[in-house]
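**Student:** structural data only, the sequence is not supplied:
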């Protein structure tokens, strides 16, 4: 059970991990976790899980989040409003996912984001409005 006053949340699956608290997560294809009781989390890392889609608004309750790491998952597409509500987010890492499509508005509302790392993905084309809302981006 994760405590409601948790500020840093790291969820990672290693290749030799035995069945434990992440049992069953390897079957995920989409992420829609209820973060509504974890509003104080300011650092979030979800690594090495095979989910391909993040439901828009999933992270919206995490209004104090400043750091997000979604490295080494299998996220293939970012939909509009995927990161809705994360106005304080400053750093985001979504590299090594096989990301192919980023819809217009996927980053909408990320007013404070200054660093975005999307290295080692498979993005083949850039769409109009893809980077909408990234007015403070300094490093990509």
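**Tutor:** Here it is on my side, so go on. Keep in mind it's a predicted model, so treat the numbers as computed, not measured.

**Student:** any idea which residue sits dead centre in this structure?
**Tutor:** residue 70 (4.9 Å; Cα atoms, centre = their mean).

**Student:** ok, for that residue, nearest residue in space, not its chain neighbours?
**Tutor:** residue 94 (4.7 Å; Cβ to Cβ, 6 or more residues apart in numbering). (C-beta placed from N, C-alpha, C; glycine too.)

**Student:** pull the contacting residues for the residue nearest to the centre of the chain.
**Tutor:** Going by Cβ atoms under 8 Å, 6 or more residues apart in numbering, residue 70 touches 45-47, 54, 92-94, 97.

**Student:** ok, these vs residue 80, which is closest?
**Tutor:** Checking those against residue 80 by Cβ to Cβ gives residue 54 as the nearest, at 11.8 Å.

**Student:** low-confidence regions, this structure specifically.
**Tutor:** 1-37 (pLDDT under 70).

**Student:** mind running it again at 50?
**Tutor:** 16-30, 32 (pLDDT under 50).

**Student:** returning to what we had before: from the contacts of residue 70, pick the one nearest residue 107.
**Tutor:** Of these, the one sitting nearest to residue 107 (Cβ to Cβ) turns out to be residue 92, at 8.6 Å.

**Student:** and the helix or strand containing residue 92, how far out from the chain middle?
**Tutor:** Using DSSP states H and E, residue 92 sits within strand 91-93. Centroid separation for strand 91-93 versus its chain: 8 Å, with Cα atoms, centre = their mean, to the nearest Å.
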